[in-house]
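1. Have a look; sequence and predicted model below, questions after that.
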Amino acid sequence: MTTGFFARESTVAPPGFNRFQVPPAALAVHLCIGQAYAFSTFNLPLTKLLGITQSAPGDWSLKDVGWIFSIAILFLGSSAALFGRWVERVGPRLSMFVSALCFGGGFLLAAAGIYLHQLWIVYLGYGVLGGCGLGIGYISPVSTLIKWFPDKPGMATGMAIMGFGGGALIGAPLSVLLMKHFATPTSSGVFETFVTMGVIYFVFMMIGVFSIRVPSADWKPAGWVPAAHAKPLVTTANVSVDVAWKTPQFWLLWGVLCMNVTAGIGVLGQASPMIQEMFSGKVTPVVAASFVGLLSLFNMGGRFIWASTSDYIGRRNTYMIFFLLGMALYASIPTLGHNQSLPLFVTAFCIILSMYGGGFATIPAYLRDVFGTYQVGAIHGRLLTAWSVAGVLGPVLVNYIRQAQIDSGVPKAQAYSITMYIMCGLLLIGFICNFAMRAVDPKYHYKGAIGASDGSAH
Amino acid sequence: MKGRIGIIWLLVAIPLLWGVFKTLQNALKLFQ
C-alpha cells in the first residue's frame, strides 16, 4: 500500500478541478517516451565511438546497434502487459514516476555503457530499463483520461497518444542538436548527449507526475448524462483484465491492432529507401529524409484527429475506414510509382500513416467501449503485445519480400509491388476481425463492486 | 487555477511546436 505524495488517495482531484489539466500531464510523459521512435538518429554515431569520423576496428556494428531499439520495443510490450494491473492499482502518479525513473535512468545507464564501450550495458540501460519506462509510461495515464472524459474518451486518449508520435519530432532534432554541441575532435558527443537527455526527460516527465489527478468516485462532467439507450458495442458493464483476455473480443481487437500496425510499421521503417528506389533520380537522400519527417507528422496528427472522430462515428466504423481506405491506398501505390506521380504517392502514404497513428490512439477508447472502464488500462497493456509482434512482423515482411523480388531479377523500382498487395491482405484480415466484433457475453461481466475513482474491486 | 493550467499547457506545447516546426522546415525540401 502506497502512502503520502504518491498514494492514489493523494491524487484525487478537489471539487471544481478543471479536467483539462490532465491531458497535458499525460502529454508530458508521452512526449518524452515517444523519443524512442527517433532512436535511429543515434545509430550511426554509435558505430563511430572509437573512430569518431568513421568506424574503427573495435567499433560496434550497425546490426548490433540496431538491437537497442528492438529490445526497447520488446520490453515496451512486455512491461505494459506485465505491469498493467499494478498501474491500475497504484494509480497514475506513482506509475508515471516509476516510468520517469526507468526512462531517465535507462539513458544514464546506457551513457555508462557508451563511456565504458560495453554494448551489453547499453542494451540493459536503454533497451531493458528504458523499455520498461516506455511500457509503464505509455499505459499509465490511459484509464485516468478515460475516467475524466467519459463523454469524449477518444479525444482524450488520442491527445495523450499523439504525444508519443510527437516525441519523435522533438527527440530527433534535440539529439542532433546536442550531439553537435558536445562533439569535439576526440569525442562524438554521444555520451554527453545521453546524460543530458536522461536528465531533461526525467525532469519533464515530473511535470506529469506533479500535475496528474484522478477524479473522485462520484464525479461526472457538468451537465453530462450517460446515453439512455446503449449503442451497439458500447457497454455499461465491466470486464476484469483476467477475464477480458479469455474473450474472443480481446483477440479480435488484438488482430485489429496487430494488422493495422504491421501494415504501417513495415513501410515506416523502409520509407526512405522505398521512395528513393521507386523514384530513382528524382528523390535524393535529403528529400527522402524530408518524406520520413512528413510521415512522422501525419503519424502524430492522425492520432488526435482519428481518435477524436471516433467519438462521433464510433470505433468500429473508424477502423472500417482504416482498413478499407488503407487497402485502396496500398493497392494504388504500384500504379503511382509506375506513373511517377510523386505528389499523389506522398499524399497516399501521408494518409496511410495518419491511419497507422489513428489505430494506436483509438484502441483505448475501443477497449473502454467493449470492456468498460474497470481495468481498461491493464487490458490495454496486454493488448500492446500486438505491437511487439507487429514490430517484428512488419519490417521482416517488407525487407524479406523486397530482397526476394530483387534476387529474382525484378527491378528495384518495382520490388515493392508485391509487398503493397500483401499489406492489402493484412488489412483485409484486420477488416474481418473488426467486422466480427460483437458485444461481450454478459457471463464475462464483473459482478463485484467497483470504486469508480480507483478501478479497484471492493 | 486557470493560470496553472495555462502554464502546464505551455510547457508541453512549446517543445511540441518546436518539433513540428523543425519537421516542417525539413519537409519543405520535398516540394522544392
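-> Yes, it's here. Numbering: from 1, shown residues only, chains lettered A, B, ... in the order given.
2. helices or strands up against the helix or strand encompassing residue A:205?
-> Element membership for residue A:205, per DSSP states H and E: helix A:190-211. For helix A:190-211, the packing partners by 3 or more C-beta pairs under 8 Å, 6 or more residues apart in numbering or on different chains; DSSP states H and E come out as helix A:22-33, helix A:92-116, helix A:153-182, helix B:2-27. All C-beta spots, glycine's among them, are computed from the backbone N, C-alpha and C.
3. what separates the next helix or strand after that helix from the chain centre, distance-wise?
-> Next helix or strand after helix A:190-211 toward the C-terminus (DSSP H and E): helix A:241-244. The chain centre lies 22 Å from the centre of helix A:241-244; the measure is C-alpha atoms, centre = their mean, to the nearest Å.
4. quick one: average pLDDT of helix A:241-244?
-> Averaging pLDDT along helix A:241-244 yields 93.
5. mind putting the helices and strands packed on helix A:190-211 in TSV, distance to residue A:331, mean pLDDT and mean neighbour count included?
-> Shown next, in TSV, are these (distance: least, C-beta to C-beta, whole Å; pLDDT from 0 to 100; neighbours: other C-beta atoms under 10 Å in any protein chain shown):
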stretch	distance to residue A:331	mean pLDDT	mean neighbour count
helix A:22-33	33	96	28
helix A:92-116	39	97	23
helix A:153-182	25	93	24
helix B:2-27	26	91	16
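6. what would those look like in JSON lines with distance to residue A:293?
-> Shown next, in JSON lines, are the helices and strands packed on helix A:190-211 (distance: least, C-beta to C-beta, whole Å):
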{"stretch": "helix A:22-33", "distance to residue A:293": "17"}
{"stretch": "helix A:92-116", "distance to residue A:293": "23"}
{"stretch": "helix A:153-182", "distance to residue A:293": "8"}
{"stretch": "helix B:2-27", "distance to residue A:293": "4"}
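7. Among the ones you listed, which comes closest to residue A:46?
-> Set against residue A:46 and scored by C-beta to C-beta, the helices and strands packed on helix A:190-211 come closest in helix A:92-116, at 7.4 Å.
8. tell me which strands and helices that closest one is in contact with?
-> Partner elements for helix A:92-116 (3+ C-beta pairs under 8 Å, 6+ apart): helix A:22-33, helix A:62-90, helix A:119-122, helix A:130-139, helix A:190-211.
9. tell me which residues in the longest one are buried?
-> Neighbour-count burial for helix A:62-90, counted by 16 or more other C-beta atoms under 10 Å in any protein chain shown, picks out A:65, A:68-85, A:87-90.
10. cool, and stretch A:184-196?
-> Using 16+ other C-beta under 10 Å as the test for burial, stretch A:184-196 gives A:188-196.
11. Then stretch A:218-229?
-> Under the neighbour-count criterion of 16+ other C-beta under 10 Å, stretch A:218-229 has residue A:219 buried.
12. what mean pLDDT does that stretch have?
-> For stretch A:218-229, the mean pLDDT works out to 81.
13. Could you identify which of the helices and strands packed on helix A:92-116 has the lowest mean pLDDT?
-> For the helices and strands packed on helix A:92-116, mean pLDDT drops lowest on helix A:62-90, to a mean of 90.
14. Flag every residue of chain B that's near chain A.
-> B:1-2, B:4-5, B:8-9, B:11-13, B:15-16, B:18-20, B:22-24, B:26-30 (C-beta under 8 Å from any C-beta of the partner chain).
15. 7 Å - rerun?
-> Contact residues (C-beta under 7 Å from any C-beta of the partner chain) of chain B with chain A: B:1, B:5, B:8-9, B:11-12, B:15-16, B:18-20, B:22-23, B:26-27, B:29-30.
16. And stretch A:387-399, how far out from the chain middle?
-> On C-alpha atoms, centre = their mean, the centre of stretch A:387-399 falls 14 Å from the chain's centre.
17. for stretch A:338-358, same thing?
-> How far stretch A:338-358 lies from its chain's middle: 20 Å, per C-alpha atoms, centre = their mean.
18. mind listing what's buried in it?
-> By neighbour count on 16+ other C-beta under 10 Å, the buried set for stretch A:338-358 is A:342, A:345-346, A:348-358.
19. as a whole number, average confidence for that stretch?
-> Here the average pLDDT along stretch A:338-358 is 94.
20. Which residues are in contact with the closest residue to chain A within chain B?
-> Here chain B gets closest to chain A at one residue, residue B:19, 3.3 Å apart by C-beta to the nearest C-beta. With contact set as C-beta atoms under 7 Å, 6 or more residues apart in numbering or on different chains, residue B:19 has these partners: A:166, A:169-170, A:173.
21. Equivalent analysis for residue A:55, please.
-> Contact partners of residue A:55, counting by C-beta under 7 Å, 6+ apart, are A:47-48.
22. 10 Å instead, please
-> The contact partners of residue A:55, taken as C-beta atoms under 10 Å, 6 or more residues apart in numbering or on different chains, are A:44, A:47-49, A:61-62.
23. Can I get the buried part of those as one PyMOL selection?
-> Buried residues within those, by 16+ other C-beta under 10 Å, are selected in PyMOL with:
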select buried, chain A and resi 47+48+49
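24. Please identify which of the buried residues of stretch A:338-358 is nearest to residue A:392.
-> Of the buried residues of stretch A:338-358, the one sitting nearest to residue A:392 (C-beta to C-beta) turns out to be residue A:356, at 16.3 Å.
25. For residue A:324, see how far away the closest one is.
-> To residue A:324, residue A:356 is 15 Å away according to C-beta to C-beta, to the nearest Å.
26. what does residue A:37 give?
-> Relative to residue A:324, and taking C-beta to C-beta, residue A:37 is found at 27 Å.
27. Kindly report the same for residue A:333.
-> To residue A:324, residue A:333 is 16 Å away according to C-beta to C-beta.
28. These two - which one has more neighbours?
-> residue A:333 (24 against 13; other C-beta atoms under 10 Å in any protein chain shown).
29. hang on, isn't that one packed against residue A:416?
-> Yes. In this structure, residue A:333 is within contact of residue A:416 by C-beta atoms under 10 Å, at 7.2 Å.
30. Can you pull the residues that touch both of the two?
-> Common neighbours of residue A:333 and residue A:416 (C-beta under 10 Å, 6+ apart) are A:267, A:274, A:278, A:423.
31. and the residues you listed, which are buried?
-> A:267, A:274, A:278, A:423.
32. Which other helices and strands does the helix or strand harbouring the last one contact?
-> Spelled out, that is residue A:423. Counting by DSSP H and E, the element that carries residue A:423 is helix A:417-435. Helices and strands touching helix A:417-435, by 3 or more C-beta pairs under 10 Å, 6 or more residues apart in numbering or on different chains; DSSP states H and E, are helix A:248-278, helix A:315-338, helix A:342-371, helix A:385-407.
33. Export the ones you listed as TSV, with columns for distance to residue A:139.
-> As requested, the helices and strands packed on helix A:417-435 are exported to TSV (distance: least, C-beta to C-beta, whole Å):
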stretch	distance to residue A:139
helix A:248-278	14
helix A:315-338	18
helix A:342-371	9
helix A:385-407	12
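34. Just tell me which of those ends up closest to chain B.
-> Among those, helix A:342-371 comes nearest to chain B, with 6.8 Å by C-beta to the nearest C-beta.
35. the inter-axis angle of the closest one versus helix A:417-435?
-> Orientation check (axes from the mean of the first three to the mean of the last three C-alpha atoms, to 10 degrees): helix A:342-371 against helix A:417-435 gives 30 degrees.
36. What is the subsequent helix or strand relative to helix A:342-371?
-> Tracing the chain past helix A:342-371, the next element assigned as helix or strand by DSSP H and E is helix A:376-383.
37. so who does the closest residue to residue A:191 other than its chain neighbours touch?
-> In this structure, residue A:191 finds its nearest non-sequential neighbour in residue A:114, 4.7 Å apart by C-beta to C-beta, 6 or more residues apart in numbering or on different chains. Counting by C-beta under 10 Å, 6+ apart, residue A:114 makes contact with A:42, A:45-46, A:49, A:60, A:121-122, A:125-126, A:188, A:190-195.
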